[in-house]
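Novice: here is my input; please provide its structure:
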Amino acid sequence: MVLAGGSWLLLGATFLGTGAEITVTPEPAQPAEGDNVTLAVHGLSGELLAYTWYAGPTLSLVYLVASYIVSTGDETPGPAHTGREAVRPDGSLDIQGVSARHSGTYILQTLNRQLQTEVGYGHLQVYEILAQPEVVTNRTALVERRDTLRLMCSGPSPAKVRWFFNGGALPIDIRLGLSSDGRVLTRHGIRREEAGAYQCEVSNPVSVSRSKPFNLTVYFGPERVAILQDSTTRTGCTIKVDFNTSLTLWCMSRSCPEPEYVWTFNGQTLQNGQDHLNISSMTAAQEGTYTCIAKNPRTLLSGSASVVVKLSAAAVAVTIVPVPSKPAEGQDVTLTVQGYPKDLLVYAWYRGPASEPNRLLSQLPSGNWIAGPAHTGREVGFANCSLLVQKLNLTDAGRYTLKTVTLQGKTETLEVEMQVARECAGERRGPLFSDRGSQMGPLPCP
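Specialist: Numbers count the residues shown, from 1 in each chain. Okay, the predicted model is just below:
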């Protein structure tokens, strides 16, 4: 036994684990920083003279906390005394406001009247009140199947670490990317399904703290690029549109972020840049192939879709109806055209076959009509292709030919045979009309 500065030390003392009966247990068993802790002693026997406490793994003077004389109650602090320790008369050690540095092994050495010593071991673990951890990464957005996700949970150690994804438990396949201590999460070839809010949580027996959400964005696409008509009806390869009606084409795709759009018409780029394209008034000039190209500025990928837009075929047959139905010499008659093409470009009327010398008049795209070589000064054209012949005479009878040309370049010819009734002394006899080249003669005067 060695005496030093009012304390004593027994070299070669045995530990509790080798048969000692003295036990040391902290109360509370799992203290937090700032708690008052008592290292309670159990199993003391005999009449004891003194207690000595050590805060360390060996009975060394550098670890000496305090010595206590039972008969006088005198306590002598040692080199390891922090100013918070006090020895009780029953041998227990009180520590006020423990901190993390108080964690470790504690040894109690007792001395009885026979100058025999015993030792007892105890361990104190002080748990800190955990600060909020932080999810640390060098990138907040990744490209699908190209980049690697690496997240680290920064927080005190030791502490148990758990990860959360979108507020719930981490999926099994993602958990496979955790390091052995759970602090680092690694995912190679990140997928879009793994985009979302990540949190880490640190815990110990006295404290739990969860990080703020870290929101990960995963860029992908564009995929499944398609063109839809009027935002609701999915188009096929060809869209047929009535003349002079409007059409809206929408470009849709799966992409993050929203792609940049480029529209082309028959291979020529249009000045658009939006996800939709408007055709306000459909004509033959708008017929062709429309292509939407979607480009993702993050993934540097692109996709496209195309449709063919055509004018619908005319469904109404063109007919010519005379007004009045039975004109006579000296009267005016209008050859009214019903069902004329709505996409009409120009038309011409002929007196006889459709040749230039026989042309009565033509209407231009501007809507004005001009006289032809056969014009007599009595013929007038209308926007609906009808022809007015004024002050009929018998020489006006015969074949009339209407020729139309549409914006699509479609040409159609329609013939009508007109007979003019001559004026009789007592009455007028009316003519009969036929179209498409048939002919019926007038009734003669008696």
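
Novice: the closest residue to residue 124 other than its chain neighbours: neighbouring residues, count only.
Specialist: Among residues not flanking residue 124 along the chain, residue 26 sits closest, at 5.0 Å (C-beta to C-beta, 6 or more residues apart in numbering). The way it works is simple: take the backbone N, C-alpha and C, and place the C-beta from them, glycine included. Number of residues near residue 26 (other C-beta atoms under 10 Å) recorded here: 22.

Novice: against which helices or strands is the helix or strand harbouring residue 26 packed?
Specialist: Using DSSP states H and E, residue 26 maps to strand 23-27. Packing partners of strand 23-27 (3 or more C-beta pairs under 8 Å, 6 or more residues apart in numbering; DSSP states H and E): strand 37-42, strand 117-124.

Novice: verify the contact between the residue nearest to residue 124 and residue 38 for me.
Specialist: Yes - at 7.3 Å, residue 26 and residue 38 qualify as touching, with contact defined as C-beta atoms under 8 Å.

Novice: one step back: as CSV, the helices and strands packed on strand 23-27 with distance to residue 77 and mean neighbour count would be great.
Specialist: Converted to CSV, the helices and strands packed on strand 23-27 look like this (distance: least, C-beta to C-beta, whole Å; neighbours: other C-beta atoms under 10 Å):
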stretch, distance to residue 77, mean neighbour count
strand 37-42, 16, 19
strand 117-124, 18, 19
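
Novice: okay if I get the ones you listed as CSV plus mean pLDDT?
Specialist: Shown next, in CSV, are the helices and strands packed on strand 23-27 (pLDDT from 0 to 100):
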stretch, mean pLDDT
strand 37-42, 96
strand 117-124, 94
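
Novice: which SS state does residue 254 fall under?
Specialist: Assigned by DSSP: H, G, I helix; E, B strand; the rest coil, the conformation of residue 254 is strand.

Novice: burial count for the nearest residue to it once chain neighbours are set aside?
Specialist: Nearest residue to residue 254 in three dimensions, chain neighbours excluded: residue 223, at 4.5 Å (C-beta to C-beta, 6+ apart). Each residue near residue 223 was counted by other C-beta under 10 Å, and the total is 12.

Novice: and residue 223, helix, strand or coil?
Specialist: State at residue 223, reduced to three classes by three-state DSSP: strand.

Novice: ok, back up a step: same list (the helices and strands packed on strand 23-27) but as JSON lines, adding distance to residue 140.
Specialist: Shown next, in JSON lines, are the helices and strands packed on strand 23-27 (distance: least, C-beta to C-beta, whole Å):
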{"stretch": "strand 37-42", "distance to residue 140": "44"}
{"stretch": "strand 117-124", "distance to residue 140": "42"}
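
Novice: and of those strands, who's closest to residue 98?
Specialist: strand 37-42 (5.1 Å; C-beta to C-beta).

Novice: gap between that closest one and the chain center?
Specialist: On the basis of C-alpha atoms, centre = their mean, to the nearest Å, strand 37-42 sits 61 Å off its chain's mean C-alpha point.

Novice: and stretch 375-391, by the same measure?
Specialist: Here the centre of stretch 375-391 is set off from its chain's centre by 63 Å, with C-alpha atoms, centre = their mean.

Novice: show me the contact partners of that stretch.
Specialist: 330-337, 340, 344, 347, 349, 359-363, 367, 369, 371, 396, 400, 402, 404 (C-beta atoms under 8 Å, 6 or more residues apart in numbering).

Novice: buried subset of those, written for PyMOL?
Specialist: Entered in PyMOL, the line below selects the buried ones among the contacts of stretch 375-391, by 16 or more other C-beta atoms under 10 Å:
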select buried, resi 331+333+334+335+336+337+340+344+347+349+359+360+361+362+363+369+396+400+402+404
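
Novice: the contacts of stretch 375-391 in strands, which ones?
Specialist: Those of the contacts of stretch 375-391 mapping onto strands are 333-337, 344, 347, 349, 359-363, 369, 371, 400, 402, 404, per DSSP state E.
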